[in-house]
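Show me the folded form of this:
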Amino acid sequence: MLAEGFWVAIVVGVSAAVVIWVLAVRAAYRIVSRTSTSLMTRLLAVVWPFGVRQSADVSAETAASFNKMLVAFFIAILVAIASVAVYSNLTFVPPARMQ
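Coordinates of the predicted model:
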């Protein structure tokens, strides 16, 4: 019963990380498409959207929003990783002793 709860926490953590990443990519791509026409810059916005917050064209409110998304992304990843560790400990079956 307890192991299933951590399985749910794994799914929730990974899902939250994916949703935050998609929201950050959408916001970063919107900012980059207004300011730059370079294909490489647009690709970088998809690969690491949180780098847009350091651009000179970004307002302080938008940079703060990206910072909050970055913190939330890492918290979601940490929840997923911690849940994997607990789940693996709860479901571990030691090998049988052979004599």
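
by contact count, what packs against the helix or strand bottoming out on mean pLDDT in the chain?
Least confident helix or strand of the chain, by mean pLDDT, DSSP states H and E, is helix 39-47 with a mean of 82. Contacts defined by 3 or more Cβ pairs under 8 Å, 6 or more residues apart in numbering; DSSP states H and E place helix 39-47 against helix 2-35. For every residue, glycine as well, the C-beta is placed using N, CA and C.

Could I get the buried residue list for the helix it packs on?
Neighbour counts over helix 2-35 (16 or more other Cβ atoms under 10 Å) mark 6-7, 9-10, 13-14, 16-17, 20-21, 24-25, 27-28, 31-32 as buried.

Just give me the closest of the residues you listed to residue 73.
Nearest to residue 73 among those: residue 20, at 4.6 Å, using Cβ to Cβ.

Read off the pLDDT value for the residue nearest to the closest one when sequence neighbours are not counted.
Distance criterion Cβ to Cβ, 6 or more residues apart in numbering; nearest residue to residue 20, sequence neighbours excluded, is residue 73 at 4.6 Å. We have a pLDDT of 96 for residue 73.

quick one: contacts for residue 58?
31, 52, 66 (Cβ atoms under 8 Å, 6 or more residues apart in numbering).

picking that back up, for the residue nearest to residue 20, list the residues it contacts.
By Cβ under 8 Å, 6+ apart, the neighbours of residue 73 are 17, 20-21, 24, 50.

Export those as CSV, with columns for pLDDT.
Shown next, in CSV, are those (pLDDT from 0 to 100):
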residue, pLDDT
17, 96
20, 96
21, 95
24, 93
50, 84
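
Identify the farthest-apart pair in the residues you listed.
The two members of the contacts of residue 73 with the most space between them (Cβ to Cβ) are 17 and 50, at 12.6 Å.

burial measure for residue 77, as a count.
16 (other Cβ atoms under 10 Å).

What residues does the closest residue in space to it that isn't next to it in sequence make contact with?
Closest residue in space to residue 77, ignoring its immediate chain neighbours: residue 17 at 5.3 Å, by Cβ to Cβ, 6+ apart. Applying Cβ under 8 Å, 6+ apart, we find residue 17 in contact with 73, 76-77, 80.

Of those, which belong to strands?
Per DSSP state E, strands hold no members of the contacts of residue 17.
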